[in-house]
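# kindly generate the corresponding structure for this input.
(2 chains)
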Amino acid sequence: MFKNYPENGSTTVTDFLTKNFIYTEPTEVPEWTFLAQDTFMLEHPCQQATCDYRGRQWTVWFATDLPISNGPWKLSGLPGIILKAWEAEGKISFTCTRIEDIGGRLTIKLPSLNKFLKCTRTELMELKRRDAKDPLAFERSMGFPGVAYDASGKPMKYKPRTPVLLDK
Amino acid sequence: MLINLIYKLILAALVLAWAHGAVSQRIAGRVVDAATGNGVDMAAVGLLSADSLMVGCVFSGPDGGFATEVPQGKTCRWVRVTCLGYAAQTFAAAELPEVISLNESSVRIKDVRVSSNRIEERSDTLSYSVAGFSMPQDRNIADVIAKMPGMSVESDGTIKYQGQAINRFYIEGMNLMGNRYALASNNIDHRKVKRVEVLRNHQPLAVLRGRSFSDQAAVNLVLDDAAKVNAATMVEPGGGYNTGSGDVLYANRLMLMLFAKDRQNFSIYKNDNTGNDIYTEMHPLTLVDDVAATQMESDLIQAVEADGPDIDARRYTFNRSHLLAVNHLERLRPHVTLRTQADCYHSRERFDNRYLTEYFGSDGSVATVDESNHLVNKFTRADVSLTYERNDTTIFLKNKLEATLTSADSRSLNSLGGMVTDDFTASPDARYLRNTFAMTRNKRRSSNVVSVSSSTSVNSQPQRLQTVGAGTQSADYLSLTTVNNAYLQQKVLGFYLKYSVGLDVFYQRLDVAAAGSGVVPHQTMTRLMPHIGPSINYRRGIFRITGQANLKWMSVERTGVGRWRGPALAFVPQVGMSMRLEPSPSQTVTLSGGWVSTVPDLLGARAGRLFTSYRTAMEGPADGRKQTSGSLTVRYEYTNPIDGIFFNCRGMASRSRRITAYRMTVDSNAVCTIAKVDADYHTATYSAMARAGKSLNWWRTLLNVSGSYSCTNGKRLMNDVLTDSRTEVVTAGAEWALRPATFLAVEAKARWTGTRIEVAGIEADSHSLDYDLTLTVPIGSSWSLSGKANSYRRCNPGHTTTFVDLAARYIRAKADYELIISNIGSNDTYRTESISSDIASRSISTMRSCDVLLKINFKL
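Next up is the predicted model:
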């Protein structure tokens, strides 16, 4: 996920589902409610905030002394960087486990995005739902053999899985 | 008519809009770069309340302009403007300038990592990952808990969190073990446990949660899924031989565990003759009880003295010990359990010691006693208890019936002053029966709580002792005790007020039959103690206060004593207060203090002469006068589980009024007589301790450091004059565990103790240093080799003794094989020197020689 790319105010999302997909959307900043809870994380003072965003209720700890308005996934828009985030159903959470001085070295390289298949956000969500429901059928629909065998040689059938980070 | 109505509605809307505008707070301005004057884009303008918490936020636009309104119901007292690359600025909201100039500034962010995979925090619960803290040398869950930052495990098995003993030990949320949890923590394989949860500020009674506050934590073991539901059996035969004596060694263990949803069972049989102390595991630990209950009294007399050196007891203990314990918990209905516990322990221990003891007599004389003994102690203890408990949010109902039977028989072939004496025997037997009932109830939709409790016990000690010069002493002690209490708790103006009343009755009888003068053959004491105890609880935000007073009146009736100097009727109040402040979620400050007035019971105000060991006699008039003491404690706790930092420190001061001093004399038969003497003086104790723990993901390191200082100022008789005495003890300790590579685990412990005793201007100093180093080398996933060096350095006499143990372990799916060679290269004897204000002692103890033991652990 590339925030403020290719231009300020837009977000570019890539994903791999047998093939590389890409879509770009305007950045939608959550509407945050600040809560009267504070703590320290990674030696930084943090405050709690909550929002309803893309069908989920998120609660986060953001660092009040690090004025970076960013966070994991598409979460952003707070006056400090988000160090921990979790959603109400308890299925997804993010925890910042390390802040490291990389000495100016660039460690994330932008891939060649023009080789990605362009799609829309809703199309990619639908692909992920299909992949989670029946990965072999999904593979077949993408032009791959889509068969797998267990140790006794019988064709395998995957149980449906729960895709995460789907916008509801 | 309709137009009139529309006009009124429009007018009302305008008035509402005006009113809204009048109360809402608008914040606007422009953020510019102080150097260039250009607008700063995406500067965060935070709206802060009076307690500096953010209530709203807006970002500046490309020209630096911003405007927002404070959310409804919130008040903005401060405005803080931050932007990456600029120094933050804070303004009072009422004095916010129209143009805010930011100066460029760089902030260096520290490299930080968290151990979030190892410790998680959710509200008051800390969850430690067992896999994250275990090391290859660990054998049970207690070993792993000891490596968790903030936790410690004492030598008797007590688990502490931030320096305070836990109040409950749950397995899968059920209280199977009660106060015998050391049995489970020392025997449950850590590989069966997924997480250790620490429930901070745990109130065990569901009915009191939110109404009565606790500072103590509870521990809950969350088992691995495979360890639940199915019963697990573990058989661990172990055999070997002692290279010195050629004796056959055994260390066997048979364990049955069931941890199902509605039923739990933990049963174990183990035996051992390799010097391991397995009695500690069944010995009840001190837990804060649900109700005020009577306590089992300590033995009147001691077994024949066998004070070993101050080193690990398994180095010098020659034992044959057997332990059988059955613990079963049945969940009858939700929140209703029935627990049965039956434990039995039998041991036969042998010691060979030589003592040279100097007694500093109160008359200024110094008497030296040279004795040696070949001692055989036989000890049997059986405990059984049945506990019914209902613990839900409306009622707490509990009845516990328990019985304990101990039988001791120690026989010693002694030599006093080079002369072989007769066999000395002691049999301090005891029988104890107690029933405790408690009911606490609250009303739905009401904050009122009503509670009644009653605890009744019988303690019988038929104890025999063969003495030097006074033949066989027979002492039969019996006590009947009942403690009854009732209270009503109400919430008034946010305060929880508790009014309690109670009646405690104590009857004690002591019959002594012995030769010699000064023996009082029969004496009794009956005490009736009605009491009332108002108390108050208050909690608001970060502040909590508890205060209680227990106003007791005591009526005393004595028989069998000619001169009784205690009161017939006394007022013995007790008051206490505790304040707790949490300035931030990670910090807690507690201030507590109390003042207590006590009158000694029959054992404390005993008349006549009574031998308490084969050559130690206590004598004195029956002195039951009132004594008082007060104490003040301040405690600070810092907890940062995300960074793995735990710190606590405590300072304490106490002062007590004493009315008795002790005159010590040693006669020509080496009988030490300690006689009570009237005195009126104060003792004062000051102590401070601190402990810090830090876990790092770097090489999975855990570092604990601790230190303590205590100073006691008292008096002792010197030439029959009360003379100042002062004892200072300083300790410093460090524990370090890490796994620098997959093929190496290191664990090191060091503890230094310094003692200074000063009596009448004469000083005596001593210090000791103990350190352990364990290196474990895992080879692949199946093999591991480990070596442990256990060193003791003493200044008096200056010597260092080191014990080395080696072990090789081979782990398979269903069986673990372990070869242990212990006490490698140790000496045959160990010399100890110790000094107190009354006694200087030198001893020589016989040590175990090299043991070779093979254990096979089958998991069925």
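
# separation between the residue in the stretch 151-300 of chain B that chain A sits nearest to and residue B:161?
Chain A sits closest to residue B:200 of the stretch 151-300 of chain B, with a gap of 14.3 Å, by Cβ to the nearest Cβ. Any C-beta I mention is one placed from the backbone N, CA and C, and that applies to glycine too. Distance, residue B:200 to residue B:161, by Cβ to Cβ, to the nearest Å: 7 Å.

# any residues in contact with both of those two?
residue B:217 (Cβ atoms under 8 Å, 6 or more residues apart in numbering or on different chains).

# which one of those two is surrounded by more residues?
residue B:161 (26 against 19; other Cβ atoms under 10 Å in any protein chain shown).

# what's opposite the more buried one in the beta bridge?
Counting by DSSP bridges, residue B:161 is bridged to residue B:151, residue B:164.

# residues contacting it?
B:150-151, B:198, B:200, B:217, B:219.

# tell me the secondary structure at residue A:123.
What DSSP: H, G, I helix; E, B strand; the rest coil gives for residue A:123 is helix.

# what sits closest to it if chain neighbours are left out?
residue A:23 (7.5 Å; Cβ to Cβ, 6 or more residues apart in numbering or on different chains).

# so that neighbour is in which element?
strand A:19-26 (DSSP states H and E).

# that strand: what's the following helix or strand?
strand A:33-41.

# and after that following strand, which helix or strand comes next?
strand A:44-53.

# how about the helix or strand harbouring residue B:538, which residues are buried there?
Following DSSP H and E, one finds residue B:538 within strand B:522-540. For strand B:522-540, a neighbour-count test (16 or more other Cβ atoms under 10 Å in any protein chain shown) marks B:523-527, B:529, B:531, B:533, B:535-539 as buried.

# with stretch B:148-156 instead?
Residues B:148-153 are the ones in stretch B:148-156 that count as buried (16+ other Cβ under 10 Å).

# mind checking how far that stretch is from the chain centre?
9 Å (Cα atoms, centre = their mean, to the nearest Å).

# repeat for stretch B:762-771
26 Å.

# what's the answer for stretch B:470-478, then?
On Cα atoms, centre = their mean, the centre of stretch B:470-478 falls 35 Å from the chain's centre.

# next: stretch B:49-60.
That offset, for stretch B:49-60, works out to 43 Å (Cα atoms, centre = their mean).

# and that stretch, end to end?
The first residue of stretch B:49-60 is 20 Å away from its last residue (Cα to Cα, to the nearest Å).

# now the host helix or strand of residue B:778: buried residues?
Using DSSP H and E, residue B:778 maps to strand B:762-779. Residues of strand B:762-779 classed as buried by neighbour count (16+ other Cβ under 10 Å): B:768-774, B:776, B:778.

# before we move on, what about stretch B:632-641?
Result for stretch B:632-641 [16+ other Cβ under 10 Å]: buried residues B:633-635, B:637, B:639-641.

# check whether it contacts chain A.
Yes. Using Cβ under 8 Å from any Cβ of the partner chain, stretch B:632-641 comes into contact with chain A via residue B:640.

# where does the stretch 51-200 of chain B dip in pLDDT?
Scanning the stretch 51-200 of chain B for pLDDT under 70 picks out the ranges B:107-117.

# which part of it gets nearest to chain A, residue-wise?
residue B:82 (3.7 Å).

# one step back: and the next helix or strand past the strand holding residue B:538?
strand B:543-559.

# partner strands of that following strand, parallel or antiparallel?
Strand B:543-559 has its sheet partners listed here by DSSP bridges as strand B:522-540 (antiparallel), strand B:569-571 (antiparallel), strand B:574-584 (antiparallel).

# least confident of those, on average?
Mean pLDDT per stretch puts strand B:569-571 lowest among the strands paired with strand B:543-559, at a mean of 84.

# what residues does the residue of the stretch 151-300 of chain B closest to chain A make contact with?
B:124-126, B:161, B:217.

# let's see 10 Å
Contacts for residue B:200 (Cβ atoms under 10 Å, 6 or more residues apart in numbering or on different chains) come out as B:121, B:123-126, B:161-162, B:214-218, B:588, B:637, B:639.

# kindly report the same for residue B:410.
Per Cβ under 10 Å, 6+ apart, neighbours of residue B:410: B:302-306, B:349, B:351, B:373, B:375-379, B:424-428, B:465, B:614.

# show me what the helix or strand harbouring residue B:820 is packed against.
Per DSSP H and E, residue B:820 falls inside strand B:815-824. On a contact count with 3 or more Cβ pairs under 10 Å, 6 or more residues apart in numbering or on different chains; DSSP states H and E, strand B:815-824 meets strand B:232-236, strand B:238-242, strand B:783-795, strand B:798-811, strand B:851-859.

# no more questions from me, cheers.
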